[in-house]
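Novice: what's the 3D shape of this:
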Amino acid sequence: MKTRLLLAAAAALALSSGLAHAAPSAAVTAAVADKGRPEADVKRDADRKPAEMLEFAGVKSGDKVADFIPGSGYFTRIFAKAVGPTGKVFAVTNPPAPNATAPAPILAVAADPQYGNITVVSTGIGSFELPEQVDVFWTSQNYHDLYLTRFNLDVPAAVKTIYDSVKPGGVFIVLDHVAAPGAEVGPTANTLHRIDPAAVRKTVEAAGFKFEGESKVLANPADDHTKGVFDASLRGRTDQFVYKFRKPK
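Specialist: Just a heads-up that it's a prediction; the model follows:
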């Protein structure tokens, strides 16, 4: 019994310190190798490490996954292939702006027959309702967007909506650009497009999620957190944190 407890404690410590990373499953590896992915996405894999990210999140065949603020669908496509025909992917985004001159890129992804398990939910990132609860709720480099002035969101309420969208026992993965410790959330999100990881934990845990661990795979000690994420000297290589939260059963 004592040995088992010590092993469990060691495993928990490894996860929290970012050391625990299983080899990607065959399904995840195949999803990343999907020939239907755009060349521009594939070129970003070395920096974004999608196989390691999906394995950390625990994405598997048959899962229901929500991709929150999916952008052009970099991860959405990979999720769709990883969960397979028995799984589903919900791309959660805002409705088109009144002055939009082109449809959101994610609509074309969802319309592609090879990604027929993707459903776009475009009722708003602060007030959405998924058709069903998900096993994995994912947001990549966009959690800080909840604090953008132009969205004017009640962030705790939005995070509670995320909590309600996850199955009991399911996970919420937050991957974002690191801001300096104690940096004021709103101004930093609007100017640098970063967020203090401690601020994320505070709000997400307040919604009811339990912090389970983090991945250090995207950490970059050379980033001093003073530049905006679109700065040419740093773009694609920012210091990023990856947190896993679980909804209690």
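
Novice: if I look at G182, how far off is A30?
Specialist: According to CB to CB, to the nearest Å, G182 and A30 sit 42 Å apart. Bear in mind the C-beta positions are built from the backbone N, C-alpha and C, glycine included.

Novice: higher neighbour count, the two?
Specialist: Neighbours were counted for G182 and for A30 using other CB atoms under 10 Å; A30 has more, 14 against 8.

Novice: What pLDDT does the model give the more buried one?
Specialist: You'll see A30 listed with a pLDDT of 96.

Novice: What is the neighbour count of the nearest residue to it once chain neighbours are set aside?
Specialist: Nearest non-adjacent residue to A30, counting by CB to CB, 6 or more residues apart in numbering: K81, 6.9 Å away. If you count neighbours by other CB under 10 Å, K81 ends up with 22.

Novice: Check the separation of the first and last residues in stretch 59-79.
Specialist: Criterion CA to CA, to the nearest Å; first-to-last residue distance in stretch 59-79 is 8 Å.

Novice: returning to what we had before: please identify which helix or strand holds the residue nearest to A30.
Specialist: helix 74-83 (DSSP states H and E).

Novice: Packing partners of that helix?
Specialist: Judged by 3 or more CB pairs under 8 Å, 6 or more residues apart in numbering; DSSP states H and E, the packing partners of helix 74-83 are helix 26-32, helix 50-57, strand 64-68, strand 88-92, helix 105-111, strand 134-140.

Novice: need the contact list for F209.
Specialist: F209 is in contact with 163, 172, 245-247, counting by CB atoms under 8 Å, 6 or more residues apart in numbering.
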